[in-house]
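Peer 1: Sequence and predicted model, in that order:
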Amino acid sequence: DGGITQSPKYLFRKEGQNVTLSCEQNLNHDAMYWYRQDPGQGLRLIYYSQIVNDFQKGDIAEGYSVSREKKESFPLTVTSAQKNPTAFYLCASSRTGNEQFFGPGTRLTVL
Amino acid sequence: SQQGEEDPQALSIQEGENATMNCSYKTSINNLQWYRQNSGRGLVHLILIRSNEREKHSGRLRVTLDTSKKSSSLLITASRAADTASYFCAIFQGAQKLVFGQGTRLTINP
């Protein structure tokens, strides 16, 4: 069953902690993306990767880091440098230039 | 801003009526895409329209694109309660990334 998965669904972080959000796809897509969505807002691009071992900053990369060691996986780390991390995080994948397939999202809350 | 701007921000109609949402943008595009998001979920792709296309249909959905006016519209005909969601346009400009608008929140009243 092809698709894109994210885990965990809910994540709670204490101030000063780094946390990592998982994103896995078995669609054989080259490109993967991380977005942040705040309540009632659209999506803002954090990082994207078009190929393994390569990634680019999006519009709001500060306080986040990523890796792309495997085609199937694109984990996002929210570092303590991100001052307002509470948000809904969405991962997506695509064949470059085409429709994006989204995961179900991770809701991160800072305690 | 390079993002698409959706209009209206919120729309409430009766079941069975048609719903029209608009998207305007500022730069040239390769394609424009429409997505739906149910509350608390990921986005689902609806339609992709390329810059050399003027209209596309998919079931009850109709998308138009006017590149001279830099605008697109999404029409949902014969709306159903299940169409209640947020709808986003997204612009692909060739920089290998999509730029999303703020969305239109559509509510279908029974």
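Peer 2: Perfect, I can see it now.
Peer 1: tally of neighbours for the residue nearest to A:Ser94 when sequence neighbours are not counted?
Peer 2: Once flanking residues are discounted, A:Ser94 sits nearest to A:Gln100: 4.4 Å by Cβ to Cβ, 6 or more residues apart in numbering or on different chains. All C-beta spots, glycine's among them, are computed from the backbone N, C-alpha and C. Residues near A:Gln100, counting by other Cβ atoms under 10 Å in any protein chain shown, number 27.
Peer 1: Would you mind confirming that A:Gln100 is in contact with B:Leu98?
Peer 2: Yes - using Cβ atoms under 8 Å, A:Gln100 is in contact with B:Leu98, at 6.3 Å.
Peer 1: Pull up the overlap in contacts between the two.
Peer 2: A:Tyr33, B:Gln33, B:Ala90 (Cβ atoms under 8 Å, 6 or more residues apart in numbering or on different chains).
Peer 1: could you list every residue that touches B:Asp7?
Peer 2: B:Met21, B:Asn22, B:Cys23, B:Ser24, B:Thr104.
Peer 1: Serialize the residues you listed to a markdown table and add fields for neighbour count.
Peer 2: Shown next, in a markdown table, are the contacts of B:Asp7 (neighbours: other Cβ atoms under 10 Å in any protein chain shown):
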| residue | neighbour count |
| --- | --- |
| B:Met21 | 24 |
| B:Asn22 | 16 |
| B:Cys23 | 27 |
| B:Ser24 | 16 |
| B:Thr104 | 22 |
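Peer 1: Show me the residues you listed that map onto strands.
Peer 2: Members of the contacts of B:Asp7 lying in strands (criterion: DSSP state E): B:Met21, B:Asn22, B:Cys23, B:Ser24, B:Thr104.
Peer 1: Out of these, the closest to chain A would be?
Peer 2: Minimum distance to chain A across the ones in strands among the contacts of B:Asp7 is 10.4 Å, recorded for B:Thr104 (Cβ to the nearest Cβ).
Peer 1: now the strands for the chain?
Peer 2: The chain I'm using is chain A. Taking DSSP E as the test, the strands found in chain A are A:4-7, A:10-13, A:19-25, A:31-37, A:43-51, A:54-57, A:64-66, A:76-78, A:87-94, A:101-102, A:106-110.
Peer 1: wait, chain B
Peer 2: In chain B, strands defined by DSSP E lie at B:5-7, B:10-14, B:19-24, B:31-37, B:43-50, B:55-58, B:61-66, B:71-76, B:85-92, B:98-100, B:104-109, listed in chain order.
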